[in-house]
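Fold the stuff below for me.
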Amino acid sequence: MESKWPNTIRRRILFTGFTLCVVLVTRPTSAIEIHADPEVIVQNGTTGILRCTFKSSEVVSSVTTVTWYFQSSHPDSQFYKSPYVIFYFTSGRGFPGPEEFKDRVQFIGDINKRDVSIQLSPTYFSDNGTFFCDVKNPPDVKGTQARTELRVVLKESYSQNNTTFIVAGVCGALLVLVLIAVAACIVMRVLHNRHDYEGAR
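Presented below is the predicted three-dimensional model:
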């Protein structure tokens, strides 16, 4: 698939890649840990927050890069066969990917705080799929990409999911209260029986 990025962005990526090669040759590599929410559910037409953080033993610098990929769950989508770059960040600047995401993806993290989250607004049903977060902080470049399954649902479905969570939480709290009440009754009965026994002696 031919990239739709401008030549300036391509040159920036090539320059960054060359810099990474130089760093990797001159310094030993170590592992980097990348973390993201396993699943995010959003209502169609609203803003979706895709959180991603990383842990690295190295100081964040201008050669630190962040790449977000997307692979659609819809077989008829152009992003279905393999992950496609939708956002690239380096040297303090973000470079959006294809037109389908260009005006909707925004970097909302703070790379100095190891936060490389993005937001997608508005979300569409075509955004259902897997988003991959990848961070390179030379010489920490070895690590597994974090992945988030994004589910874009109708307003009714979103409300039903929230209602289910609320009902489950309330039922759980009531169950705990019932167990506490039963335990208290048992303790009181034991103490009362002991008092009656001691009084009869």
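
Low-confidence stretches in the protein?
Per-residue confidence for the chain (pLDDT under 70) gives these ranges: 1-30, 156-171, 192-201.

Can you give me the distance of residue 124 to residue 136?
According to C-beta to C-beta, to the nearest Å, residue 124 stands 29 Å off from residue 136. (C-beta placed from N, C-alpha, C; glycine too.)

Between these two, which is the more surrounded one?
Between residue 124 and residue 136, counting by other C-beta atoms under 10 Å, residue 136 is the more crowded of the two (23 against 13).

residues in contact with that one?
By C-beta atoms under 8 Å, 6 or more residues apart in numbering, the contact set of residue 136 is 20, 32, 64, 65, 67.

out of these, which is most surrounded?
The most crowded member of those, judged by other C-beta under 10 Å, is residue 64 (25 neighbours).

Which parts of this protein are strands?
30-31, 33-36, 39-43, 48-50, 52-55, 65-72, 84-90, 93-96, 105-107, 118-120, 129-136, 140-142, 146-153 (DSSP state E).

neighbouring contacts of the last one?
Where contact means C-beta under 8 Å, 6+ apart, the residues beyond strand 146-153 that reach it are 34-44, 48, 50-52, 120, 123-125, 127-134, 161.

how many other residues sit next to the nearest residue to residue 82 once chain neighbours are set aside?
Nearest residue to residue 82, sequence neighbours excluded (C-beta to C-beta, 6 or more residues apart in numbering): residue 71, at 6.6 Å. When neighbours are defined as other C-beta under 10 Å, residue 71 has 16 of them.

Please verify my assumption that residue 71 contacts residue 86.
No. Residue 71 is not in contact with residue 86 according to C-beta atoms under 8 Å; the separation is 10.2 Å.

before we move on, back to that, type out the ChimeraX command that picks the buried ones from the contacts of strand 146-153.
Selection of buried members from the contacts of strand 146-153 for ChimeraX, criterion 16 or more other C-beta atoms under 10 Å:
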select :34,36,37,40,42,43,44,48,50,51,52,120,123,127,128,129,131,132,133,134
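
Identify the bridge partners of the residue nearest to residue 82.
As for beta bridges, residue 71 partners with residue 130 under DSSP bridges.

got a list of what it touches?
Residues in contact with residue 71, defined by C-beta under 8 Å, 6+ apart, are 79, 80, 82, 83, 84, 129, 130, 132.

The nearest residue to the last one once chain neighbours are set aside and residue 154, how far apart?
In this structure, residue 132 finds its nearest non-sequential neighbour in residue 69, 4.1 Å apart by C-beta to C-beta, 6+ apart. Per C-beta to C-beta, residue 69 is found 26 Å from residue 154.

next one: residue 88
For residue 88, the distance to residue 154 equals 32 Å [C-beta to C-beta].

So for these two, which sits in the more crowded spot?
residue 88 (21 against 12).

how close does the more buried one sit to residue 69?
When distance is defined by C-beta to C-beta, residue 88 is 10 Å away from residue 69.
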